[in-house]
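*Asks:* need a structure here:
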Amino acid sequence: MNSSSSSPSKTPSCTPPDGASCWICLEEGPDDAGAPLVRDCSCRGHSGFAHVPCLIQYAESKSRGFVDLGFQSRVDLYEQRFFDQCPNCKQPFQGDIHHDMIEAQLSFIEREFKWVRVWHLIAMIMWMCALDTSDEADRIEGERICGKMLTLIEKMEKNMDPTLTPMTLISSYDAIGDFKFGVGTTQSLKKAKYYFEKGIAAIKVSGDHNLQWNANIFENKLAKIEAMLNGDSISKTQALEKELSCTRRAYNHLRIHSEPGVQTIRGGVNFAKQLFNAHHTIEAQRVLDELVIITR
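*Replies:* As a prediction, this is how the structure comes out:
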């Protein structure tokens, strides 16, 4: 892993206008190491441009300050989104910037907070999700991280670490399964199936009905894998409609069996996004209207 002196993004996300400068160091143009000014968020005009090394140093400094205040719960640090979100417009970083920042986040956690095992695990989950399985170097890195995640999970389970919540364990298996699925070989698809099944088993062991949402998603992924392993041909439209059907069932389960709260709202927003992407705009608007009522 690279340290905070990580190499800059592979390509600038957009060309900075004349006079644009890094909002952190205030310097125009590339930094002394040649890292260009980049931006891949919702900032406009001259705002939002920065050097990736400056963004990394800024995120590390903010993280240390947050920890110094005594916040060391399971998700507090990650809820601040110091590494994966533009602090100006609040939009998540995209493309190469996102990739570089999530890699830098894991490097930072491993250097300074590896003893907080759940932080280390979550950082690896986020890095796994940022990897591009079409890139050979990322595939090699993904296999390495899979091994580290499974070793850490085994240690946490052996020590009955209370920070290894069902949701964190499920997210771990989901990230590993998604990576294996993305690799796409017959062997990796079988491994993806294994980890998605472990995710479902973890949900059943937890006894938490609120996690049924995740179980439905796992089942949909398993159905795709079975079709691919059996050589069945599924069109993009068919796959999207299957995924929508699964998400619809999961969202309805949340509405019926869960108290209105953050999980229901997140599930509804995710469902609405999928509906919009599938051009089911009327149903999407209905879901959003329901969420507005819930949040009042």
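*Asks:* Give me the neighbour count for residue 282.
*Replies:* Look at residue 282: counted by other C-beta atoms under 10 Å, it has 8 neighbours. Every residue, glycine included, has its C-beta placed from N, CA and C.
*Asks:* mind checking how far it is from residue 275?
*Replies:* From residue 282 across to residue 275, the span is 9 Å (C-beta to C-beta, to the nearest Å).
*Asks:* swap in residue 78?
*Replies:* As judged by C-beta to C-beta, residue 78 and residue 275 stand 28 Å apart.
*Asks:* More neighbours: the two, which one.
*Replies:* Shown here are residue 78 and residue 275; by other C-beta under 10 Å, residue 275 has more neighbours (21 against 18).
*Asks:* Which pLDDT value goes with the residue nearest to that one when sequence neighbours are not counted?
*Replies:* Nearest residue to residue 275, sequence neighbours excluded (C-beta to C-beta, 6 or more residues apart in numbering): residue 284, at 3.6 Å. Among the per-residue scores, residue 284 shows a pLDDT of 81.
*Asks:* The strand or helix carrying residue 168: what's the following helix or strand?
*Replies:* Per DSSP states H and E, residue 168 falls inside helix 166-183. Counting by DSSP H and E, the next helix or strand C-terminal to helix 166-183 is helix 186-206.
*Asks:* Could I get the average pLDDT for the next helix or strand after that next one?
*Replies:* On the C-terminal side of helix 186-206, the nearest following helix or strand under DSSP H and E is helix 212-229. Helix 212-229 carries an average pLDDT of 84.
*Asks:* Output the contacting helices and strands for helix 212-229.
*Replies:* Counting contacts by 3 or more C-beta pairs under 8 Å, 6 or more residues apart in numbering; DSSP states H and E, helix 212-229 packs against helix 166-183, helix 186-206, helix 236-257.
*Asks:* Among these, which comes closest to residue 84?
*Replies:* Set against residue 84 and scored by C-beta to C-beta, the helices and strands packed on helix 212-229 come closest in helix 166-183, at 14.6 Å.
*Asks:* Average pLDDT for that closest one, rounded please.
*Replies:* For helix 166-183, the mean confidence score works out to 94.
*Asks:* Which of the helices and strands packed on helix 212-229 comes out lowest on mean pLDDT?
*Replies:* For the helices and strands packed on helix 212-229, mean pLDDT drops lowest on helix 236-257, to a mean of 69.
*Asks:* ok, then the element right after that helix?
*Replies:* Scanning forward in sequence from helix 236-257 by DSSP H and E, the next helix or strand is helix 262-277.
*Asks:* the inter-axis angle of the helix or strand that that following helix is followed by versus helix 262-277?
*Replies:* Counting by DSSP H and E, the next helix or strand C-terminal to helix 262-277 is helix 281-295. Using axes from the mean of the first three to the mean of the last three C-alpha atoms, to 10 degrees, the direction of helix 281-295 lies 160 degrees away from that of helix 262-277.
*Asks:* Give me the distance from helix 281-295 to the chain's centre.
*Replies:* Relative to its chain's centre, helix 281-295 lies at 25 Å (C-alpha atoms, centre = their mean, to the nearest Å).
*Asks:* ok, now stretch 155-165?
*Replies:* Distance, centroid of stretch 155-165 to centroid of chain: 22 Å (C-alpha atoms, centre = their mean).
*Asks:* same deal with stretch 285-296?
*Replies:* Distance of stretch 285-296 from the chain centroid (C-alpha atoms, centre = their mean) equals 25 Å.
*Asks:* residues in contact with it?
*Replies:* Stretch 285-296 is contacted from outside by 251, 255, 260, 264-265, 268-269, 271-272, 275, using C-beta atoms under 8 Å, 6 or more residues apart in numbering.
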